[in-house]
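J.: this is the structure alone, sequence omitted:
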């Protein structure tokens, strides 16, 4: 998401990566370039060329990373896509509009077809992403939907739900 730098010291990212590595999974957790503006023109090539996400990859995206994951999956195959605090509009926020993800219609069908599975984590109490936005993404992607209580924008340091889900889906 925007402003999460360094990722090793941001939210739940590091604890999830560590838990998955301990279970024998290969994990790529890298600082995203352009972390404050999160521009599509920079993030999508980074996901492709540096992270090397492909049909064997389960891509996990939080907030702006969720939108990047969805745009990435419009034209590329993934083993799976996990979206945390996803939205489909710029929410009237200029910085979000300038990121580029919302400048054209979403290719929902292509995203569904390009992903072996799609799981979404949402929260009714997210202060940034209204529940209606999250439900719109769910409806259009036909995602496995988890709306958890008390999670807000998922800014906690632990996210065992994602670890458990990834272990289940990878097997």
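T.: Here it is on my side, so go on. Quantities reported herein were computed from a predicted structural model and do not represent experimental measurements.
J.: so who does the residue positioned nearest the centre of the chain touch?
T.: The centroid of the chain falls nearest to residue 61 when counting by C-alpha atoms, centre = their mean (1.7 Å). Taking C-beta atoms under 8 Å, 6 or more residues apart in numbering, we find residue 61 in contact with 67-70, 81-84, 86. Backbone N, C-alpha and C define where each C-beta goes, glycine included.
J.: these into a markdown table, with extra columns for neighbour count and distance to residue 144?
T.: What follows is the contacts of residue 61, written out as a markdown table (neighbours: other C-beta atoms under 10 Å; distance: C-beta to C-beta, whole Å):
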| residue | neighbour count | distance to residue 144 |
| --- | --- | --- |
| 67 | 28 | 19 |
| 68 | 26 | 20 |
| 69 | 26 | 15 |
| 70 | 26 | 15 |
| 81 | 28 | 11 |
| 82 | 26 | 9 |
| 83 | 28 | 10 |
| 84 | 29 | 13 |
| 86 | 28 | 13 |
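J.: from those residues, which single one is nearest residue 13?
T.: residue 84 (10.2 Å; C-beta to C-beta).
J.: do I have it right that the closest one meets residue 62?
T.: Yes - at 4.2 Å, residue 84 counts as touching residue 62 under the criterion of C-beta atoms under 8 Å.
J.: could you say which helix or strand holds the closest residue to the residue nearest to the centre of the chain other than its chain neighbours?
T.: Excluding the flanking residues, the one nearest residue 61 by C-beta to C-beta, 6 or more residues apart in numbering is residue 69, at 3.5 Å. Assigned by DSSP states H and E, residue 69 falls within helix 64-75.
J.: could you list every helix and strand that that helix packs against?
T.: Of the remaining helices and strands, those touching helix 64-75 by 3 or more C-beta pairs under 8 Å, 6 or more residues apart in numbering; DSSP states H and E are helix 40-49, strand 58-62, strand 80-84, helix 94-99, helix 108-114.
J.: starting at the chain centroid, how far to that helix?
T.: Mean-position distance between helix 64-75 and its chain equals 7 Å (C-alpha atoms, centre = their mean, to the nearest Å).
J.: hmm, back to that, which one among the contacts of residue 61 gets closest to residue 103?
T.: residue 67 (11.5 Å).
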